[in-house]
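A.B. asks: give me a 3D structure for the following:
(one chain, ligands or ions: 1)
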Amino acid sequence: MKLLFSPASPFVRKVLVLAHETGLGERIDREVVRASPIDPDPRLTRRNPLGKIPCLVLDNGQALYDSRVICEYLDRLHGGRRFVPGDGQARWAALTREALADGMMEAAVGVRYEETLRPEEARWEVWTTNQKLKIRDGLDWLEDEAADFSALPDIGHVAVAAALGYLDFRFDADGWREGRPKLEAWFEAFSERPSMRATKPV
Ligand code: BEZ
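C.D. replies: Numbering: from 1, shown residues only. The predicted structure follows:
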């Protein structure tokens with residue numbers, strides 16, 4: 001199987017961290033594609049009409065997207081502990097945390113596009129401010145939860161780590177750690193995992 005990807009994408013990092021954690025990293029070939037929302041790569045749109053990464057092309061040619069579908073697929077390929085719990089309260093907690101982190105990533109990537117791709121005269125400050133408020137509120141929510149984060153990570157924790165890593169990568173100046181010591185401590189510990197070290201964007 002082959003992952004169409006761009007190393008800067010937090011959604012890609014979520015998938016790659018899960019692949020590392022589950023011992024599947026070596027089984028996934030990788031191809032860097034252009035992921036621009038205004039000029040998507042034909043190698044990508046041929047597989048995913050939305051032109052979005054990550055996109056996992058299986059050996060039979062079937063393409064899987066988005067990151068949630070890919071993570072669930074990968075999680076069924078290995079024999080270890082499941083990162084996407086199969087049922088019960090643990091499943092809904094993990095998936096909801098993943099949805100929160102994904103939403104924060106979407107907001108952050110949207111702001112990044114606004115600030116780097118949109119012509120300056122067309123930028124809409126109110127929109128950017130509101131995306132940043134979503135991120136702030138998500139961070140506050142996670143700060144309240146962080147003390148209870150399990151030592152055994154699930155897909156929600158992987159997604160949160162990818163989101164925080166992206167904030168460090170693109171929005172370092174915004175200082176997300178300020179006033180959020182529990183989330184900071186959790187992230188510092190999680191970032192030491194080999195899966196996080198191996199996927200850190202440069
Ligand atoms: C970025 O450069 O920040 C980026 C690249 C691809 C997808 C999302 C974000």
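
A.B. asks: what residue ranges in the protein score low on pLDDT?
C.D. replies: Across the chain, nothing is flagged by pLDDT under 70.

A.B. asks: residue contacts, residue 71?
C.D. replies: 14-15, 18, 83-84, 98, 155, 158 (Cβ atoms under 8 Å, 6 or more residues apart in numbering). Just so you know, the C-beta spots here come from the backbone N, C-alpha and C atoms, and that holds for glycine as well.

A.B. asks: from residue 119, how far out is it?
C.D. replies: Per Cβ to Cβ, to the nearest Å, residue 71 is found 35 Å from residue 119.

A.B. asks: look at the residue located most distally from the centre of the chain and give its secondary structure.
C.D. replies: No residue in the chain sits farther from the centre than residue 121, which is 30.1 Å out by Cα atoms, centre = their mean. Three-state assignment for residue 121 (DSSP: H, G, I helix; E, B strand; the rest coil): helix.

A.B. asks: just residue 44 next, same as before
C.D. replies: helix.

A.B. asks: can you pull the buried residues of whichever helix in the chain runs longest?
C.D. replies: Criterion DSSP state H: the longest helix present in the chain is helix 88-116. Neighbour-count burial for helix 88-116 flags 93-95, 97-98, 100-102, 104-109, 111-112, 114 (criterion: 16 or more other Cβ atoms under 10 Å).

A.B. asks: show the end-to-end separation of stretch 77-89, please.
C.D. replies: With Cα to Cα, to the nearest Å as the measure, stretch 77-89 spans 23 Å from end to end.

A.B. asks: again, but for stretch 50-69
C.D. replies: Length of stretch 50-69, first residue to last, Cα to Cα: 15 Å.

A.B. asks: among the contacts of residue 71, which are in strands?
C.D. replies: Of these, none are assigned to strands by DSSP state E.

A.B. asks: for residue 126, pull up the helix or strand it's in.
C.D. replies: Element membership of residue 126, judged by DSSP states H and E, is helix 125-146.

A.B. asks: now that helix: buried residues?
C.D. replies: Buried-residue list, helix 125-146, by 16+ other Cβ under 10 Å: 128, 131, 134-135, 138-139, 142-143, 145-146.

A.B. asks: possible to save these as JSON lines with distance to residue 199?
C.D. replies: Putting these into JSON lines (distance: Cβ to Cβ, whole Å) gives the following:
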{"residue": "128", "distance to residue 199": "27"}
{"residue": "131", "distance to residue 199": "24"}
{"residue": "134", "distance to residue 199": "24"}
{"residue": "135", "distance to residue 199": "21"}
{"residue": "138", "distance to residue 199": "21"}
{"residue": "139", "distance to residue 199": "21"}
{"residue": "142", "distance to residue 199": "20"}
{"residue": "143", "distance to residue 199": "24"}
{"residue": "145", "distance to residue 199": "23"}
{"residue": "146", "distance to residue 199": "21"}
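
A.B. asks: pull out the buried residues from the contacts of residue 71.
C.D. replies: The neighbour count (16+ other Cβ under 10 Å) marks 14-15, 18, 83-84, 98, 155, 158 as buried among the contacts of residue 71.

A.B. asks: save the residues you listed as TSV, and put in distance to residue 77 too.
C.D. replies: Below are the buried ones among the contacts of residue 71 laid out as TSV (distance: Cβ to Cβ, whole Å):
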residue	distance to residue 77
14	16
15	13
18	11
83	12
84	12
98	18
155	14
158	16
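
A.B. asks: nothing else from me, thank you.
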